[in-house]
Each structure stands twice: as structure tokens, then as C-alpha cells.
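**Student:** Need a 3D model of the sequence below.
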Amino acid sequence: MTLLTSSAGLHYIRDASVNQVGWAVFAVSIATLGGAYFFQIGLGLAPCEMCLWQRPPYWIGMLVGLLAATAHYVRPLPRASARSLLGLGAVVFLVGAGIAFYHVGVEQKWWAGPAGCSGAAVLPDSFKDFQENFEDATVVRCDEIPWSFLGISLAGYNVLISLGLALVSGWGAFQAKEPR
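**Tutor:** Numbering: from 1, shown residues only. From the prediction side, this is the model:
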């Protein structure tokens, strides 16, 4: 039964059209951003500076996925436009995976992170500056892991999700079928 289920799943993926791949990229991008905001707002887990760097690829991916999903409805667009958009999405998600991998390296102490969130604190120029910024002095460190599941941090999951979306987008750009 497992083989049959796996075979049916592979058959569905093999038969996916470009617009279906676009919808999948769009949906996973929304879900990932929703998860990030749930951890931030719902659970009170403040993001560090590097966590915030990892969000723009998903916003871009959301737009790319939506445009690729709906490109075949717009007559003036060439048929290759959805494939080109998915190719762009693959590049965007590879960049996102690189940013997330850099963050994982900072968390694991493989290399140093930005001074603003993992190095020594930057001292203010004057005591007046110190007083003005005292209340906003909470810095979320990039080199600490505030949450993990199965030994993988949120940045680690972001690497996996970004690589998965890069693969799906790349596959959609070159292998997916044309919409009917």
C-alpha cells in the first residue's frame, strides 16, 4: 500500500502543470511566513536581525508563485513567462537558503555573525545617546537558538524549506506541463 501511495503521489507531481507549481510555491511561501509571524506574535519569540533577513525571499516567492500561477490567464503574456517566473523563484529561494545557512552557521558558532546581533555591543557616542536608547536596548542575539525541534533550529528549517521551494520552482521552470 505504501508503494502504491508513493507511486500515486509521484504520478501527481509528474503531471503537475506550471500554474499548479506556481500555486504550490505561493501557498508554501504564505505558510512559511505565517509560521514566522506565529512564532513572533503568537508565541512572543522575537526575531533577530538575521531572522528578518530571511523573510524577503518568501515575500518575493509569494509574488512569483502567484504570477506564475495566473500567467496563463493573461493573454498578452508569452507562454514561457510562467516558466521564467518559476526560474526566478528558484534563484530567489536559493539565495534565501544561503542566508538561512549563514544564520545556522552563526548559531552553531561555525563563523561570526553581524556585530549588531552576535558580537560585542556597539557603545553609544555619548551618555545622552545611551539614555535615549536605553529602553530600546533589547537585542535578540543571532548566535543563540531560542527554539528547536528535533535538534533543528528555525533557521535550519528555513534552509530545508527554501531548498525545497528552490527545487520545486526549478522543476516547474523546466519540467512541469503546460496548463490546459
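**Student:** looking at this structure, which helix or strand is least sure?
**Tutor:** helix 2-14 (a mean of 46; mean pLDDT, DSSP states H and E).
**Student:** Can you name the element that comes right after that one?
**Tutor:** helix 18-37 (DSSP states H and E).
**Student:** In that following helix, which residues are buried?
**Tutor:** 18-26, 28-30, 32, 36 (16 or more other Cβ atoms under 10 Å). Placement of C-beta: from N, CA and C, glycine included.
**Student:** Which of these scores worst on pLDDT?
**Tutor:** Within those, Val18 has the lowest pLDDT, namely 77.
**Student:** my read: that residue touches Trp171, true?
**Tutor:** No. Checked against Cβ atoms under 8 Å, the pair Val18 and Trp171 is beyond contact range at 10.3 Å.
**Student:** dump the residue contacts of Lys30.
**Tutor:** Residue 30: Ile, not Lys. Met62 (Cβ atoms under 8 Å, 6 or more residues apart in numbering).
**Student:** hey, where'd the strands end up in the chain?
**Tutor:** Counting by DSSP state E, the chain has strands at residues 148-149, 152-153.
**Student:** Just the mean pLDDT for the first one, thanks.
**Tutor:** Here the mean pLDDT over strand 148-149 is 80, rounded to a whole number.
**Student:** cool, and stretch 109-127?
**Tutor:** 69.
**Student:** quick revisit: now, the most widely separated pair of the buried residues of helix 18-37?
**Tutor:** Val18 and Ala36 (27.3 Å; Cβ to Cβ).
**Student:** Highest mean neighbour count out of the strands of the chain?
**Tutor:** Comparing these by mean neighbour count (mean count of other Cβ atoms under 10 Å), strand 152-153 ranks first with a mean of 16.
**Student:** Walk me through which strands that one pairs with, and which way each runs.
**Tutor:** strand 148-149 (antiparallel) (DSSP bridges).
**Student:** now what about the partner strand, what contacts it?
**Tutor:** With Cβ under 8 Å, 6+ apart as the criterion, strand 148-149 contacts Leu154, Gly156, Tyr157.
**Student:** Keep only those of these that are in helices.
**Tutor:** Those of these mapping onto helices are Leu154, Gly156, Tyr157, per DSSP state H.
**Student:** which residues touch the last one?
**Tutor:** The neighbourhood of Tyr157, defined by Cβ under 8 Å, 6+ apart, consists of Phe149.
**Student:** now it: how far from Ala100?
**Tutor:** 8 Å (Cβ to Cβ, to the nearest Å).
**Student:** Report the lowest-confidence entry in the contacts of strand 148-149.
**Tutor:** Leu154 (85).
**Student:** Identify the single longest helix in the protein, thanks.
**Tutor:** Max-length helix for the chain by DSSP H is helix 80-107.
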